[in-house]
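1. Sequence and predicted structure are below.
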Amino acid sequence: MITDKLKEHFRSKIEPYNKKVKDFVAQYGDQKLGEYTIAQVYQGMRGITGLIYETSKLDPEEGIRFRGYSIPEIQEKLPKYPGGKQPLPEGLFYLLLMDELPDDDAVRRMSNNWVRRAQVPPHVFKVIDSLPQHAHPMTQFIAGITALRTESEFQKAYRQGISKKDYWDPVYEDAMNLIARLPRVAAYIYRRTYRNGDHIEPDPRLDYSANFAHMLGFDNPEFYELMRLYLTIHADHEGGNVSAHAIRLVGSALSDPYLAFAAGMAGLAGPLHGLANQEVIRWVLDMKKELGGGLPSKEEIAEYVKKTLTEGKVVPGFGHAVLRKTDPRYMAQREFALEYMPHDPMFLLISRIYEVVPEILEATGKVKNPWPNVDAHSGQLLMYYGLVEYDFYTVLFGVSRALGTMASLIWDRALGLPIERPGSTTTDILMQKFAK
Ligand code: NMX
Ligand code: MLT
């Protein structure tokens with residue numbers, strides 16, 4: 001194991017925070033947090049607060065806050081690459097884990113720490129190579145993550161009989177190793193699937209995002225900045241979204257971080273969750289094709305949207321289970337586009353779709369949030385720089401999601417959270433009780 005200053009800093013936070021939580025629960029533990037209805041139980045537990053998740057909180061109107069900081073605030077306050085404008089995801093991870101804004105030094109330490117851990121064992125590549133080349137990149141990603149599990153420090157420590165109070169330590173090791181290794185695994189999948197297996201070695205002098213972009217094959221300083229923004233804003237979205245919740249749930253059984261993360265990635269690969277980023281581009285390209293190319297008019301877009309709805313399909317990139325306004329992650333990406341590619345035809349189309357879709361979804365009378373989410377924009381930015389293979393987009397989302405969910409998983413074990421086990425019931429039981 002690598003001993004590091006970051007870990008020692010984190011260690012110093014555990015006891016005081018545990019005491020704070022214990023005292024709080026002892027004093028206020030019998031207070032009611034809310035009431036819920038039968039309808040909410042049928043509606044995917046919407047609006048029921050049932051989890052403690054320390055690293056971020058989603059406000060329906062304002063969007064995500066990372067340890068209390070909104071996206072514009074982290075863009076302002078987190079350290080940047082010299083000359084750059086976007087926050088470094090290393091800094092976001094530090095903030096999420098430590099509940100403290102990092103200085104340049106802390107971010108450099110995080111970057112170097114991950115470089116030291118970044119070696120991916122050769123068998124992981126063999127596992128990925130054993131899949132057909134046409135296997136969806138998320139299939140390859142989940143296989144790669146599961147293969148990385150041979151390196152789990154938690155699994156080893158548990159077998160050796162580690163005490164409960166120390167679980168967080170090997171979980172920290174696994175989480176940090178996983179974060180450090182994911183870009184290499186993701187880039188390997190990209191190059192094998194779309195670039196004839198012409199792989200690119202990491203460059204340890206680069207920061208996390210730039211190195212990832214470099215291994216993907218995109219050595220463009222603007223694309224590096226995009227990656228810094230992308231990896232920062234997709235990192236965390238409180239605890240109830242499918243990927244974060246799956247990771248928390250599986251981790252609560254003391255499955256190691258690799259297994260927990262693989263479970264979360266299986267959830268992220270669903271089209272209503274992270275896969276929506278590929279679906280958006282597929283839908284937009286289909287629209288363009290059907291309408292003869294070029295920039296469609298608002299009327300043509302409206303017709304196409306209505307056709308999508310009539311066919312019983314969702315309009316990808318719009319709507320949200322919690323948000324009730326335009327996703328600030330969408331806005332951050334829009335601002336990036338306005339700065340670097342305001343005349344890109346695809347950006348003009350995405351902007352026009354934004355002007356047309358909400359009114360139509362609103363008119364259905366059932367869509368609770370007609371506004372765009374994070375996935376409505378990300379593909380356009382990636383396509384602009386030449387990363388056009390949209391089936392790969394959810395892997396990028398996944399690399400980023402490790403930052404928030406792994407910081408959170410380390411805290412789960414530091415707080416000694418128990419196995420998650422909510423109750424369930426049956427319609428018959430409810431009917432016997434309420435529909436007599
Ligand atoms: N297009 C068409 N119908 C929609 C949409 C949409 N974009 N959003 C919601 N609805 C429908 C929804 O299917 C449901 O229909 P029904 O009653 O017939 O089952 C009805 O509106 C009410 O749903 P809501 O309560 O508004 O949304 P819910 O919380 O159930 O679902 C999403 C949230 C995000 C799953 C949903 O808005 C959606 O399917 N959006 C499109 C897919 C997408 O962009 N997902 C990405 C989310 C962000 N992420 O990265 O994870
Ligand atoms: C996310 O980033 O996880 C998505 O916006 C979905 C969610 O929050 O439910």
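-> Perfect, thanks for sending it. Ligands and ions are numbered 1, 2, ... in the order given.

2. show me the contacts for the residue in the stretch 101-250 of the chain positioned nearest to ligand 1.
-> Ranked by Cβ to the nearest ligand atom, the top residue of the stretch 101-250 of the chain for proximity to ligand 1 is Asn241, at 6.3 Å. In short, each C-beta sits where N, CA and C put it, glycine included. Taking Cβ atoms under 8 Å, 6 or more residues apart in numbering as the criterion, Asn241 is in contact with 273, 321.

3. quick one: contacts for the residue most central in space within the chain?
-> Compute the mean C-alpha point of the chain, and by Cα atoms, centre = their mean the closest residue is Arg401, 2.8 Å away. Contacts for Arg401 (Cβ under 8 Å, 6+ apart) come out as 234-236, 243-244, 264-265, 268, 274.

4. Ligand 2 next: which of those are close?
-> By Cβ under 6 Å from any ligand atom, no member of these lies near ligand 2.

5. Among the residues you listed, which ones are in strands?
-> Counting by DSSP state E, no part of the contacts of Arg401 is found in strands.

6. Checking the residue nearest to the centre of the chain next. Helix, strand or coil?
-> Of the three states, Arg401 takes helix according to DSSP: H, G, I helix; E, B strand; the rest coil.

7. Look up how far ligand 1 lies from it.
-> With distances taken as Cβ to the nearest ligand atom, to the nearest Å, Arg401 is found 10 Å from ligand 1.

8. per-residue confidence at that residue?
-> Arg401 carries a pLDDT value of 99.

9. Doesn't Leu101 belong to a strand?
-> No - looking at Leu101 with three-state DSSP, it is coil, so not inside a strand.

10. quick one, what contacts it?
-> Taking Cβ under 8 Å, 6+ apart as the criterion, Leu101 is in contact with 77-78, 91, 95.

11. If the residue of the stretch 1-150 of the chain at minimum distance from ligand 2 is in a bridge, with which residues?
-> Using Cβ to the nearest ligand atom, the closest approach of the stretch 1-150 of the chain to ligand 2 is made by Leu58 at 6.2 Å. On the basis of DSSP bridges, Leu58 takes part in beta bridges with Ile64.

12. can you pull the contacts of it?
-> 64-65, 237-238, 322-323.

13. Mind doing that once more with 10 Å?
-> When contacts are counted by Cβ atoms under 10 Å, 6 or more residues apart in numbering, Leu58 touches 64-65, 236-241, 320-323.

14. and the nearest residue to Pro358 once chain neighbours are set aside, what element?
-> Counting by Cβ to Cβ, 6 or more residues apart in numbering, the nearest residue to Pro358 once its immediate chain neighbours are dropped is Pro370, at 4.0 Å. In this structure, Pro370 is located outside every helix and strand according to DSSP states H and E.

15. Which residue, other than its chain neighbours, is closest to Val305?
-> When the adjacent residues along the chain are set aside, Val305 lies closest to Ile360, with 5.1 Å between them (Cβ to Cβ, 6+ apart).

16. And that neighbour, how close does it get to ligand 2?
-> For Ile360, the distance to ligand 2 (Cβ to the nearest ligand atom) stands at 21 Å.

17. about what we covered before: now, among the contacts of Leu101, which is nearest to Leu338?
-> Checking those against Leu338 by Cβ to Cβ gives Leu78 as the nearest, at 21.0 Å.

18. Leaving aside the residues adjacent along the chain, what's closest to that closest one?
-> Excluding the flanking residues, the one nearest Leu78 by Cβ to Cβ, 6+ apart is Pro87, at 3.6 Å.

19. Next: Glu238.
-> With sequence-adjacent residues excluded and distances taken as Cβ to Cβ, 6+ apart, Glu238 is closest to Leu58, at 4.4 Å.

20. pLDDT value on the one you found, please?
-> 98.

21. what separates Trp114 from Phe218, distance-wise?
-> Between Trp114 and Phe218 the computed distance is 20 Å (Cβ to Cβ, to the nearest Å).

22. neighbouring contacts of stretch 12-24?
-> Residues from elsewhere that reach stretch 12-24, judged by Cβ under 10 Å, 6+ apart: 29, 52, 54, 97-100, 165, 168-169, 410-411, 413-417.

23. And stretch 375-394, how far out from the chain middle?
-> For stretch 375-394, the gap between its own C-alpha mean and the chain's C-alpha mean amounts to 15 Å (Cα atoms, centre = their mean, to the nearest Å).

24. Can you give me the buried ones in that stretch?
-> Of the residues in stretch 375-394, those scored as buried under the neighbour-count criterion (16 or more other Cβ atoms under 10 Å) are 375-385, 387, 389-394.

25. just the strands in the stretch 101-250 of the chain please.
-> For the stretch 101-250 of the chain, no strands turn up when DSSP state E, counting those that start in this stretch is the criterion.

26. And the contacts of Leu101, which is closest to Tyr188?
-> Ranking the contacts of Leu101 by separation from Tyr188, with Cβ to Cβ as the measure, puts Gly91 on top at 26.0 Å.

27. Do I have it right that that closest one meets Pro102?
-> Yes - shown here, Gly91 and Pro102 form a contact pair, counting by Cβ atoms under 10 Å, at 4.8 Å.

28. what touches both of these two?
-> What both Gly91 and Pro102 touch, as defined by Cβ under 10 Å, 6+ apart, is the set 77-79, 110.

29. who's in contact with Leu226?
-> Neighbouring residues of Leu226 by Cβ under 10 Å, 6+ apart: 86, 209, 213, 218, 220, 333, 336-337, 340, 378, 381-382, 384-385, 387.

30. Filter the contacts of Leu101 down to just the buried residues.
-> By the neighbour-count criterion of 16+ other Cβ under 10 Å, those include these buried positions: 78, 91, 95.

31. For the stretch 151-300 of the chain, list the residues in contact with ligand 2, please.
-> Counting by Cβ under 6 Å from any ligand atom, the residues of the stretch 151-300 of the chain that sit close to ligand 2 are 237, 241, 273.

32. if you set the cut-off to 5 Å instead, what comes out?
-> Applying the criterion Cβ under 5 Å from any ligand atom, the portion of the stretch 151-300 of the chain that neighbours ligand 2 consists of 237, 241.

33. if we can go back for a sec, can you tell me which of the buried residues of stretch 375-394 end up in helices?
-> Within the buried residues of stretch 375-394, membership in helices is found for 375-384, 393-394, as judged by DSSP state H.

34. residues near the residue in the chain positioned nearest to ligand 1, how many?
-> Evaluated by Cβ to the nearest ligand atom, the chain has Gly319 as its residue closest to ligand 1, separated by 2.1 Å. Other residues near Gly319 number 21, with proximity taken as other Cβ atoms under 10 Å.
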